[in-house]
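Engineer: quick one, fold the following:
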Amino acid sequence: MKPGALSRRALIKGAAALAALRALRPLRLTAGIGDARPAGPRRKPLHVAVVGAGAFGGWTALYLLRKGARVTLIDAWGPGNSRASSGGETRVIRATYGPDRPYVQMVVRALALWRENEVRWKRPLFRKTGVLWMAGPDDRYEKASLPLMRAAGLTIDAWSAAEAGTRFPQVNFEGVSWVIHERDAGYLLARRSCQEVLQGFLSEGGDYRQREARPGAIQDGLLREILLSDGSRLVADRHVFACGPWLGALFPDLLGERITPTRQEVFFFGTPPGDPRFLEERLPVWIDNGARIFYGIPGSDGRGFKVADDTRGPTVDPTTQERMPTKAGLRAARGYMEFRFPGMQGAPLLETRVCQYENSPDTRFIIDRHPRAGNLFIVGGGSGHGFKHGPAIGERVADLVLGAASPDPFFSLARLTLMNGGS
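Structural biologist: Numbers count the residues shown, from 1 in each chain. So this is what the prediction gives:
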């Protein structure tokens, strides 16, 4: 059995964990909003601790709170910080997901929740620019996407490369087979969103602590406590660890080989003076699904024209890595940009960012109960495409933690055991 794979002994312990979970007091979900209330006589609200205030953890904490739990949210450096996978200025939101129907459905739900919370908080978080998805010579992924997106009610255009070039003459569509235009898509304000989620969480009665956190002992099928960096211990009824690239280090036996943080470089180039062709008013977000996937966001809030290479970089430690871009990364980004957007030839580099993905082996998310602790839930594996789903994941995880839903096999830990040949 490979290191990190689950053994039969672990699965037996998992059965004990499930029995322990059943012993936890049951919940009754009320109609309407779905607030969670203890069954029977009036009792204290269920206390849930959530570790990680990024796109997964922050939204999970917020929806647990809205469903009636008492919630403590913990983060080492704060929401949207520069070490987090949810940091940075912007993230793409799109629904082109090949044959993976669950993601398409989650994007539709997430879009609705992004808009709903924008209205609630009176803060703009989503910008509807549309997204151009450029298919390469192998277009099976794109062909599988179209019927799922249309069935989900999204407004989609399918254009030839020539048609796309007529609409967007500032783009060189050489080597592109055809183009999907997602009218309902665009980009999200990443760091700002994480901070707004925290503010919303606090305003609705949540408790936030800025501490490093690690799991305590698992005994009799339950996680007994969380250990904090100030020497204190947090005891809760249930626990969610949604701390992105740190999950593997916190749970080495379970996730050590299943969460891989990789270094990713992002570049922002200056658009020509007085030229609006490369700003969001004239150009959608774009993703080029060619031999090497690049994506970008047109000039937003004066920060420049964003270009990023989706190729997985080297494995890194998200805590200690120094975030200086490489000459090779800059050369690749500039070369691609000047080919695909000829009007950006010679554009000056304005800003750079080095972040990370936290990858699962198959790039699917991990949303599941720990196999040896019935009151511990793992949420991660964003794999570079998770941010957009944040509110939909938060809603889903809240229902899972409160007993209103069961784990979805699509996001299970068990699938990774099978992939790694575990016995």
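
Engineer: quick one, helices of the chain?
Structural biologist: 8-23, 55-66, 101-121, 140-151, 161-167, 190-203, 247-250, 252-255, 327-340, 390-401, 414-419 (DSSP state H).

Engineer: deepest-packed of those helices, please.
Structural biologist: helix 55-66 (a mean of 29; mean count of other Cβ atoms under 10 Å). Using the backbone N, CA and C atoms, a C-beta is placed for each residue, glycine as well.

Engineer: pull the CA atoms of stretch 246-260 into CSV?
Structural biologist: Extracted as CSV, the C-alpha positions of stretch 246-260 are listed here (Å, rounded to 0.1, in the frame of the first residue of the first chain):
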residue,chain,number,x,y,z
TRP,A,246,-1.7,23.3,4.6
LEU,A,247,-4.0,20.3,4.7
GLY,A,248,-1.4,17.8,3.7
ALA,A,249,0.9,18.9,6.5
LEU,A,250,-1.9,18.9,9.1
PHE,A,251,-3.1,15.4,8.2
PRO,A,252,0.0,13.7,6.8
ASP,A,253,-1.3,10.1,7.1
LEU,A,254,-4.6,11.0,5.3
LEU,A,255,-3.7,13.7,2.9
GLY,A,256,0.1,13.9,2.7
GLU,A,257,0.2,12.6,-0.9
ARG,A,258,-3.3,13.9,-1.8
ILE,A,259,-2.8,17.6,-1.5
THR,A,260,0.2,19.0,-3.5
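
Engineer: give me the residues contacting that stretch.
Structural biologist: 2-4, 6, 52, 214-215, 241, 243, 245, 261, 315, 318-319, 358-361, 366, 370-371, 378, 380-381, 413, 416, 420 (Cβ atoms under 8 Å, 6 or more residues apart in numbering).

Engineer: where's that stretch relative to the chain centroid, distance-wise?
Structural biologist: 17 Å (Cα atoms, centre = their mean, to the nearest Å).

Engineer: so where's the stretch 251-400 of the chain shaky on pLDDT?
Structural biologist: In the prediction, the stretch 251-400 of the chain carries no residues with pLDDT under 70.

Engineer: could you tell me how many residues sit around T72?
Structural biologist: 20 (other Cβ atoms under 10 Å).

Engineer: go ahead and confirm it touches R209.
Structural biologist: Yes: between T72 and R209 there is a contact at 6.5 Å, judged by Cβ atoms under 8 Å.

Engineer: who touches both of the two?
Structural biologist: What both T72 and R209 touch, as defined by Cβ under 8 Å, 6+ apart, is the set L234.

Engineer: and the residue lying closest to P284 once chain neighbours are set aside, how far is that from I393?
Structural biologist: In this structure, P284 finds its nearest non-sequential neighbour in G130, 3.8 Å apart by Cβ to Cβ, 6 or more residues apart in numbering. The gap separating G130 from I393 is 24 Å, by Cβ to Cβ, to the nearest Å.

Engineer: likewise for A308?
Structural biologist: 22 Å.

Engineer: quick revisit: tell me the contacts of the residue nearest to P284?
Structural biologist: G130 touches H181, E182, R183, D184, A185, G186, P284, V285, counting by Cβ under 8 Å, 6+ apart.

Engineer: now do the contacts for the fifth one.
Structural biologist: So that's A185. Contacts of A185 (Cβ under 8 Å, 6+ apart): V92, I93, R94, A95, K128, T129, G130, V131, P284, V285.

Engineer: dump the residues you listed to CSV, plus distance to R120.
Structural biologist: Converted to CSV, the contacts of A185 look like this (distance: Cβ to Cβ, whole Å):
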residue, distance to R120
V92, 23
I93, 18
R94, 24
A95, 23
K128, 18
T129, 23
G130, 25
V131, 25
P284, 27
V285, 25
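
Engineer: out of the residues you listed, who's nearest E204?
Structural biologist: Taking Cβ to Cβ as the measure, E204 sits nearest to I93 out of those, at 24.0 Å.

Engineer: with adjacent residues omitted, what lies nearest to the closest one?
Structural biologist: K388 (3.9 Å).

Engineer: again, but for I218
Structural biologist: Per Cβ to Cβ, 6+ apart, closest to I218 is A373, 4.7 Å.

Engineer: one more: G57?
Structural biologist: Nearest non-adjacent residue to G57 (Cβ to Cβ, 6+ apart): A242, at 3.4 Å.

Engineer: circling back: report how many residues lie close to the residue nearest to I218.
Structural biologist: Neighbours around A373, by other Cβ under 10 Å: 26.

Engineer: for it, phi and psi?
Structural biologist: phi -140, psi 110 (degrees, to the nearest 10).

Engineer: list the contacts for the residue nearest to G57?
Structural biologist: Contacts of A242 (Cβ under 8 Å, 6+ apart): V50, V51, G52, G54, F56, G57, T60, I378, V379, G380, V397.

Engineer: next up, the contacts around the first one.
Structural biologist: Under the criterion of Cβ under 8 Å, 6+ apart, the contact partners of V50 comprise G57, T60, A61, L64, V71, T72, L73, I74, H239, V240, A242.

Engineer: kindly recompute the last result at 10 Å.
Structural biologist: 56-62, 64-65, 69, 71-75, 201, 206, 208, 213, 236, 238-243, 377, 379, 394, 397-398, 401 (Cβ atoms under 10 Å, 6 or more residues apart in numbering).

Engineer: next one: the closest residue to A84 other than its chain neighbours from L402, what distance?
Structural biologist: Counting by Cβ to Cβ, 6+ apart, A84 lies nearest to G54, which is 5.1 Å off, once chain neighbours are set aside. Per Cβ to Cβ, G54 is found 21 Å from L402.

Engineer: residues in contact with the closest residue to R353 other than its chain neighbours?
Structural biologist: Take R353 and drop its neighbours on the chain: the residue closest to it by Cβ to Cβ, 6+ apart is V266, 4.4 Å away. By Cβ under 10 Å, 6+ apart, the contact set of V266 is 88-90, 295-297, 306-309, 325, 329, 333, 351-355.
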